[in-house]
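Enquirer: Could you look at this predicted model? Sequence included:
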Amino acid sequence: MAINFNKAEFVLSAVKASTFIRDGKPQVTFAGRSNVGKSSVINRLLGRKNFARVGATPGKTNQINYFDIDGKIYFTDLPGYGYAKVSKEERDRWGRLMESYFAEPDLITLGVLIVDARHKPTADDVTMCDWFKGTGCPVIVVANKLDKLKKSEIEPNLARIRETLSLDEGAALIPFSAEKGIGKAELLAAIGDGCGK
């Protein structure tokens, strides 16, 4: 299935399980810490500047945003996690929303977990990776902010990410820079493959 990733439109924001889209189209689900540049990665993939909102304040996405890509697949953008300045009540609501989304069989076709290439993945990153693995769907880990690393740091950092998230040999780990576009072609190809292109 050839997908035109430049043909994208926002569909809806789901704040509760009853509004999840269940029309059988593949759903590519993006997750990442609040300040990891998730919206920037999505914008880079779609060739748009401000398509997925880039918040000046991390933790702005507090619902599941659906984007229709070429009428063939959805990108689902999950709320950023691990941001301290959100009330406990808000975090609990977010947790319940995530749990119902991940618990529903056959909703997620492919998981895309975005981590910071510069740092060891956090406990929240590990939890999110485990949630994806628990659905049985393939997971692509995207190490964003690659442009902030020295060349000599790239390999050791990627090895540390792979180890911390317990990724097996075959699991996709894509070095990425939303800023420079590094890794864009590889990620789009992996998404196409994961959706049965």
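Expert: Here it is on my side, so go on. Numbers count the residues shown, from 1 in each chain.

Enquirer: May I see the buried residues of the worst-scoring helix or strand of the chain on mean pLDDT?
Expert: In the chain, no helix or strand scores lower on mean pLDDT, DSSP states H and E than helix 88-103, which sits at a mean of 85. Residues 91, 93-94, 97-98, 100-102 are the ones in helix 88-103 that count as buried (16 or more other C-beta atoms under 10 Å). For the C-beta atoms, the positions are set from N, CA and C on the backbone; glycine is no exception.

Enquirer: just those now: which is nearest Thr76?
Expert: Nearest to Thr76 among the buried residues of helix 88-103 is Tyr101, at 8.2 Å by C-beta to C-beta.

Enquirer: what residues are up against the closest one?
Expert: The contact partners of Tyr101, taken as C-beta atoms under 8 Å, 6 or more residues apart in numbering, are 17, 20, 64, 78, 107-108.

Enquirer: Which of these are buried? Put it as a ChimeraX command.
Expert: In ChimeraX, this line selects whichever of the contacts of Tyr101 come out buried by 16+ other C-beta under 10 Å:
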select :20,64,78,107,108
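
Enquirer: Secondary structure and pLDDT for the contacts of Tyr101 - can I get that in JSON lines?
Expert: Shown next, in JSON lines, are the contacts of Tyr101 (DSSP: H, G, I helix; E, B strand; the rest coil; pLDDT from 0 to 100):
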{"residue": "Ala17", "secondary structure": "helix", "pLDDT": "92"}
{"residue": "Phe20", "secondary structure": "coil", "pLDDT": "96"}
{"residue": "Ile64", "secondary structure": "strand", "pLDDT": "91"}
{"residue": "Leu78", "secondary structure": "coil", "pLDDT": "90"}
{"residue": "Leu107", "secondary structure": "coil", "pLDDT": "93"}
{"residue": "Ile108", "secondary structure": "coil", "pLDDT": "96"}
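
Enquirer: between the contacts of Tyr101, which is closest to Ile182?
Expert: Proximity of these to Ile182 (C-beta to C-beta) peaks at Leu78, which lies at 23.5 Å.
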